[in-house]
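In: Sequence below, structure please.
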Amino acid sequence: MSGSTVSGAGRPGSGVAPRTAVRALLSRTCHPLLLLSVGVVFAMSTRYGWDTGRATFAFQLSLLCYLAALERAIPYERAWHPSRREWRWYGVYFVLTTVGGTLAQSMVVVAAGALATTDPLLPLWAEIPLALLLGSLAGYAVHRLGHTNRWLWRLHGVHHVPDKVNVANNGVNHIADVFVSQACVQLSLAIVGFSETAVFGVGLFVVAQGYFVHANVAVGLGRLNHVFVGPEQHRLHHSTDLAEAGHYGSDLSIWDRAFGSFTWRPGREPAAVGLVDARSFPGTGAIVATLVHPVRRPVKADGSGG
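Out: Numbering: from 1, shown residues only. The predicted model follows:
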C-alpha cells in the first residue's frame with residue numbers, strides 16, 4: 001500500500017510543537033482571514049472595475065504564498081513539506097492546471113455570455129448564496145464521479161498520487177480533469193443565468209477554499225466543519241483507507257452530509273494518504289507519462305482509487 005504515515009508532528013494537542021501564543025493566533029485566524037480576503041477582493045474588484053481574470057489569478061498566487069508560509073509556521077505534518085525537486089514538479093502542474101482552467105472558461109464563455117445577465121431578477125445578496133449552493137453541488141457531483149467512474153478516475157487519480165497533502169500539490173492534476181470539472185461547474189451556473197458578478201464572487205470563494213483545504217496546516221474548524229470544508233476533512237479524502245475517504249466537497253460540507261460521504265469526527269486523522277495501489281498511476285515526477293496515462297491500458301479494470 002502506498003502512502004505517507006502521519007506521525008502527528010505539529011498537530012493540535014500532540015504536544016510536539018511548541019504552543020506559543022503566536023502559533024495559536026495563526027491557527028485561529030487562518031480561515032477567518034481567508035474569508036475576509038475573499039470579501040475584500042470581491043468588493044474592490046466590483047467597485048473599481050478590475051479585470052476579473054487578472055484579479056482571480058493574482059488572488060490565487062497570493063493565497064499560495066500565504067498558505068505556504070503558514071505551512072512553515074503551523075504545520076500539521078512536517079514530513080509533508082515539499083522538497084525542492086517536488087516544487088519544480090508542482091510548478092509544471094500549476095501551469096497545466098491553469099491552462100486547463102483557462103480552456104474550460106474559454107469553452108463556456110459563449111454560453112455564459114448568452115445566458116448570464118447583467119440585470120438579474122434577484123438582488124446580489126440573494127443571488128450569490130444560490131450560485132454558491134448550485135456551484136458547490138455541481139463540484140461535489142463531478143468530484144464524486146471522478147472517484148466512482150473508472151474512466152474519470154483515470155484522470156482524477158493523478159491528484160491522489162502524492163503521498164503527502166500540501167498547498168503546493170493542490171495543483172497536481174491532469175489537465176483534462178481540470179477542464180472537465182471546471183467546465184461542469186461553470187456551465188451549471190451559466191445555464192441558470194446567474195450574473196457575471198455573482199459568478200465571480202463565488203469563484204473567488206471556491207479558489208480560496210480549494211487551496212485552504214489542501215494546506216498542510218494545523219487548523220481545526222470545530223463545529224464549522226459541518227458547514228465549510230477544512231483541511232481535517234480533505235486529509236481524510238486523501239486517505240488510503242477508502243472507508244473514511246469521503247468528503248468530495250472542497251468548499252461546503254453540506255453535500256457530504258446530505259449524500260452520506262461525511263466521515264469526519266473530532267480527532268479522526270488518516271493513518272496514510274496517497275493511492276491504495278501505487279502501481280496504478282505513474283509517479284508525480286513522470287509528467288509526460290502522467291499526461292498520456294488516461295489513454296493507456298489500465299493496470300486495474302475497476303478504476304478504484306484512494
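
In: what about the helices in the protein?
Out: In the chain, helices defined by DSSP state H lie at 21-48, 52-73, 84-115, 124-148, 150-156, 175-192, 196-213, 231-237, 254-258, 287-292, listed in chain order.

In: Tell me which of those helices approaches residue 273 most closely.
Out: With Cβ to Cβ as the measure, helix 231-237 is the member of the helices of the chain nearest residue 273 (6.5 Å). Backbone N, C-alpha and C define where each C-beta goes, glycine included.

In: elements contacting the closest one?
Out: helix 196-213 (3 or more Cβ pairs under 8 Å, 6 or more residues apart in numbering; DSSP states H and E).

In: quick one, which of the helices of the chain is nearest to residue 266?
Out: Closest approach to residue 266 among these (Cβ to Cβ): helix 231-237, 8.8 Å.

In: Now that closest one: average pLDDT?
Out: For helix 231-237, the mean pLDDT works out to 97.

In: Can I get it in PDB? Just the C-alpha atoms.
Out: Extracted in PDB, the C-alpha atoms of helix 231-237 (Å, rounded to 0.1, in the frame of the first residue of the first chain):
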ATOM      1  CA  PRO A 231      -8.000  20.600   6.000                       C
ATOM      2  CA  GLU A 232      -9.100  18.000   8.500                       C
ATOM      3  CA  GLN A 233     -11.800  16.700   6.100                       C
ATOM      4  CA  HIS A 234      -9.700  16.900   3.000                       C
ATOM      5  CA  ARG A 235      -6.900  14.900   4.500                       C
ATOM      6  CA  LEU A 236      -9.400  12.100   5.100                       C
ATOM      7  CA  HIS A 237     -10.400  12.400   1.500                       C
END
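
In: about what we covered before: got the helices of the chain as CSV, with distance to residue 169 columns?
Out: Shown next, in CSV, are the helices of the chain (distance: least, Cβ to Cβ, whole Å):
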stretch, distance to residue 169
helix 21-48, 19
helix 52-73, 11
helix 84-115, 6
helix 124-148, 17
helix 150-156, 14
helix 175-192, 14
helix 196-213, 11
helix 231-237, 12
helix 254-258, 22
helix 287-292, 13
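
In: Least confident of those helices, on average?
Out: In terms of average pLDDT, helix 84-115 trails the rest of the helices of the chain, at a mean of 79.

In: wait, which of the helices of the chain is closest to residue 244?
Out: That would be, of those and by Cβ to Cβ, helix 231-237, which comes in at 5.2 Å.

In: The closest one: which residues count as buried?
Out: For helix 231-237, the buried set under the neighbour-count rule, 16 or more other Cβ atoms under 10 Å, comprises 231, 232, 233, 234, 235, 236, 237.

In: quick one: contacts of it?
Out: Under the contact criterion Cβ atoms under 8 Å, 6 or more residues apart in numbering, helix 231-237 has outside partners 76, 165, 212-217, 219-221, 225, 244-248, 250, 253, 256, 262-264, 268-270, 273.

In: How far off centre is that helix?
Out: Put simply, helix 231-237 sits 11 Å off its chain's centre (Cα atoms, centre = their mean, to the nearest Å).

In: I figured residue 31 was touching residue 213, is that so?
Out: No - counting by Cβ atoms under 8 Å, residue 31 does not reach residue 213; the two are 10.1 Å apart.

In: residues contacting residue 55?
Out: Residues near residue 55 by Cβ under 8 Å, 6+ apart: 41, 45.

In: sorry, back to before: from the buried residues of helix 231-237, pick the one nearest residue 68.
Out: Taking the buried residues of helix 231-237 together and measuring to residue 68 by Cβ to Cβ, the closest member is residue 231, at 13.9 Å.

In: Distance check, residue 209 against residue 52.
Out: Distance, residue 209 to residue 52, by Cβ to Cβ, to the nearest Å: 18 Å.

In: higher neighbour count, those two?
Out: residue 209 (25 against 18; other Cβ atoms under 10 Å).

In: from memory that one sits against residue 249, does it?
Out: No - assessed by Cβ under 8 Å, residue 209 is found out of contact with residue 249, at 9.1 Å.

In: Need the overlap of contacts for these two.
Out: Counting by Cβ under 8 Å, 6+ apart, the common neighbours of residue 209 and residue 249 are residue 229.

In: Counting neighbours, which of the contacts of helix 231-237 end up buried?
Out: The buried subset of the contacts of helix 231-237 - by 16+ other Cβ under 10 Å - is 76, 165, 212-217, 219-221, 225, 244-248, 250, 253, 256, 262-264, 270, 273.

In: between the buried residues of helix 231-237, which is nearest residue 171?
Out: Closest approach between the buried residues of helix 231-237 and residue 171, by Cβ to Cβ: residue 234, at 14.5 Å.

In: is it true that residue 174 touches residue 294?
Out: Yes - the pair residue 174 / residue 294 is scored as a contact, 6.8 Å apart, by Cβ under 8 Å.
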